[in-house]
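Student: here is the input, now give the coordinates:
(2 chains)
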Amino acid sequence: MYQDLNAPISVVAIFRNGKLLPHSFVWRDRTYLVQSVSFEHQQSQGKARVLIFSVNTKNNMYEISFNTEQMLWRLERAWTE
Amino acid sequence: MILHIDMNSYFATVEQQANPLLRGRPIAVSGRPTIHSVVAAASIEAKRLGVKSGMSTFDAKRLCPNLIFIPGDPAKYISTTEKLFNIFSSYSPIIEVFSIDEVFLELLPPKKNLEAAVAIALEIKKRIKESVGDYLTCSVGIAKNKFLAKLASEKKKPDGLTIVTKDNLDQILLSSKLSDFCGIGRQVSARLNALGIYTVLQLRKMPLEMLTATFGNVRGRQLHDMAFGLDQSPLVSENDREAAKSYSHNLTLPKETEDKKYIWATLLRLCEKVGRRMRRDQVLGKSVYVFVRSSTVEGIGGQKMMASYTSDGITIFECARYQIMHDSIPQTVRSVGVGVGNVRPKNLVNGTLLPEARRKEDLVFSMDQVNNQFGENTVVLASTMPCFNRERRVAGIRMRLRFN
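Tutor: Alright, predicted model coming up:
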């Protein structure tokens, strides 16, 4: 099941061909290397457009979001077995 | 030439696309597992084990103990559908949105031939994999009319491509069950059975007069035509849709409740949703119908005319509440619904001159402006907050998109 985390994170991302690709993120002092982005969607939060990435690390899957208005990254939720 | 495109196990496959750890496993998109809910979509693996859309989560879990429930994420599906529709609309300007995961596409000359249609279908499949998600599949039916195209797309799932030609028309029709036909549901099936019709061949042999005598001229003729694969209905794009005759919303609550404050808040929220759609379509209505039901479908309700035409959610709510507040509301409530009828275009109704009513209209207009610009529910009536708190993260089964 998914565990809601809703925590601010630091992200290293790459801008390539007009697309934003998360490369790695830091949560609770630990760095998670993104191995693949399996899905991307967006939604409105008030005035802001929020991009949501489903990212896969070596062992798990996470949803991270980028608020284009506030320029903030958040770890939304993680998959836990 | 018409294409019917049906995304396979849509919500579930989107979830499996997003989370590779779910792939190859039986999953069901639903509300939260801790509440009474239904399966909005089952993955292909879950379907193989008998799990179906619309089944209660309790029954689904009993059937498939390993079933993984994923809370529905409407924003994710709407965003995905937008991407899909961008692909579809690059092939034809004539698109009929049949549901959130099904569309009809009419190909125009010079692409109005079978070879071009097949090439387009294959290209659409490829583009979906490349630009939306490699795990997403769709079944495509190609035929000369909508009825056959839809029937064809149902023939092979997942990832099918079925073409109906003169040569295989009879084989496809006669190998279908009556319930495979779009428009023949449980009730029509039962009535056909009562006439001794259980197969498409039997439907074919039934005289048209007999069908029209039983089902009426329009429906009888339609059933007769179905048996021969005939359908003259044109594609109806969003812009061509007829104006609605009534506007309604109903909601099955996440679980039964005795909380009257929550019930009134839900009714107000539904009234406001009805009003907002009416304001968007620039119409006003005069009659209000409402119902409140328990899980045993016992309940109360009624219909009443308002003093004047309106599209204001609070006025609709006051009228709805007046109808039921004197009756005994069921001890526990499971569903609430409200609708507005006698709808007329706003420009055909005289506006109010009363300053108080004008102020009210201005306030509603301002709220709509804020919600249009900053997203739905940015500003809501404070009295509706109890429902927002409870319904968070419940699957959006009744989602419907409008593409203008």
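
Student: quick check: bridge partners of residue 2?
Tutor: Since you didn't name a chain, this refers to chain A. Per DSSP bridges, the residues bridged to A:Tyr2 are A:Trp79.

Student: wrong chain, I was asking about chain B
Tutor: B:Ile2 has these beta-bridge partners by DSSP bridges: B:Glu106, B:Ala143.

Student: tell me what the most centrally placed residue in chain A is bridged to.
Tutor: Taking C-alpha atoms, centre = their mean, the centroid of chain A lies closest to A:Ile64, which sits 2.0 Å from it. A:Ile64 forms beta bridges with A:Phe53, A:Leu75, as assigned by DSSP bridges.

Student: who are the neighbours in contact with it?
Tutor: If a contact means C-beta atoms under 8 Å, 6 or more residues apart in numbering or on different chains, then A:Ile64 has A:9, A:11, A:22, A:25, A:52-53, A:55, A:73-76 as its contacts. Using the backbone N, CA and C atoms, a C-beta is placed for each residue, glycine as well.

Student: same thing but 10 Å
Tutor: A:5, A:7, A:9, A:11, A:13, A:22, A:25, A:27, A:32, A:34, A:37, A:51-55, A:73-78 (C-beta atoms under 10 Å, 6 or more residues apart in numbering or on different chains).

Student: repeat that for B:Val379.
Tutor: B:366-371.

Student: so which of those sit within helices?
Tutor: Counting by DSSP state H, the part of the contacts of B:Val379 found in helices is B:366-371.

Student: what residues sit buried inside stretch B:132-149?
Tutor: B:132-133, B:135-149 (16 or more other C-beta atoms under 10 Å in any protein chain shown).

Student: all helices of chain A, in order?
Tutor: When assigned using DSSP H, chain A turns out to have no helices.

Student: near chain B, which residues of it are found?
Tutor: Chain A has residues A:1-2, A:4, A:36-56, A:59-63, A:79, A:81 near chain B, with proximity defined as C-beta under 10 Å from any C-beta of the partner chain.

Student: only the buried subset of the ones in helices among the contacts of B:Val379, as a PyMOL command please.
Tutor: To isolate the buried ones among the ones in helices among the contacts of B:Val379 in PyMOL, judged by 16+ other C-beta under 10 Å, type:
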select buried, chain B and resi 367
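
Student: which of the helices and strands in chain B ranks last by mean pLDDT?
Tutor: helix B:385-391 (a mean of 70; mean pLDDT, DSSP states H and E).

Student: any idea how far B:Ala149 is from B:Ala117?
Tutor: Note on B:Ala117: its distance to B:Ala149, by C-beta to C-beta, to the nearest Å, is 10 Å.

Student: shared neighbours of the two, anything?
Tutor: In terms of C-beta under 10 Å, 6+ apart, B:Ala117 and B:Ala149 are both contacted by the residues B:1-3, B:105, B:140, B:142-143, B:163.

Student: out of the residues you listed, who's nearest B:Ser308?
Tutor: Set against B:Ser308, the nearest of the shared contacts of B:Ala117 and B:Ala149 by C-beta to C-beta is B:Leu105 (43.7 Å).

Student: now the closest one. Nearest residue, chain neighbours left out?
Tutor: The shortest distance from B:Leu105 to any non-neighbouring residue, by C-beta to C-beta, 6 or more residues apart in numbering or on different chains, is to B:Leu3 (4.3 Å).

Student: tell me who's in contact with that neighbour.
Tutor: B:Leu3 touches B:88, B:91-92, B:95, B:103-107, B:117-118, B:120-121, B:124, B:140-143, B:149, B:152-153, B:161, counting by C-beta under 10 Å, 6+ apart.

Student: and if you look at B:Ala320?
Tutor: B:264, B:267-268, B:270-271, B:274, B:288-292, B:301-304, B:306, B:336-340.

Student: for the helix or strand hosting B:Ala116, name the packing helices and strands.
Tutor: Assigned by DSSP states H and E, B:Ala116 belongs to helix B:114-131. Helix B:114-131 is packed against strand B:2-7, helix B:74-88, strand B:102-106, strand B:138-143, strand B:161-163, with contacts defined by 3 or more C-beta pairs under 10 Å, 6 or more residues apart in numbering or on different chains; DSSP states H and E.

Student: strand B:2-7 and that one, what's the angle between them?
Tutor: Helix B:114-131 runs at 20 degrees relative to strand B:2-7, counting by axes from the mean of the first three to the mean of the last three C-alpha atoms, to 10 degrees.

Student: pull out the buried members of the contacts of B:Ala320.
Tutor: Among these, those classed as buried by 16+ other C-beta under 10 Å are B:264, B:267-268, B:270-271, B:274, B:288-292, B:301, B:306, B:336-340.

Student: let's see which of those residues end up in helices.
Tutor: Using DSSP H, these in helices are B:264, B:267-268, B:270-271, B:274.

Student: dump these into JSON lines; add distance to chain A and pLDDT as well.
Tutor: Listed next are these as JSON lines, based on distance: C-beta to the nearest C-beta, whole Å; pLDDT from 0 to 100:
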{"residue": "B:Trp264", "distance to chain A": "27", "pLDDT": "90"}
{"residue": "B:Leu267", "distance to chain A": "26", "pLDDT": "93"}
{"residue": "B:Leu268", "distance to chain A": "22", "pLDDT": "93"}
{"residue": "B:Leu270", "distance to chain A": "22", "pLDDT": "94"}
{"residue": "B:Cys271", "distance to chain A": "24", "pLDDT": "95"}
{"residue": "B:Val274", "distance to chain A": "22", "pLDDT": "94"}
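
Student: farthest pair in the residues you listed?
Tutor: Spatially, the most separated pair among those is B:Trp264 and B:Val274, at 15.6 Å (C-beta to C-beta).

Student: next, count neighbours for B:Val188.
Tutor: Residues near B:Val188, counting by other C-beta atoms under 10 Å in any protein chain shown, number 16.

Student: contacting residues around it?
Tutor: Contacts for B:Val188 (C-beta under 10 Å, 6+ apart) come out as B:178-179, B:181, B:215, B:219, B:223.

Student: B:Ser328 now?
Tutor: B:Ile300.

Student: element containing it, please.
Tutor: Following DSSP H and E, one finds B:Ser328 outside all helices and strands.

Student: check it and give its pLDDT.
Tutor: pLDDT for B:Ser328: 73.

Student: how near is it to chain A?
Tutor: According to C-beta to the nearest C-beta, to the nearest Å, B:Ser328 and chain A sit 40 Å apart.
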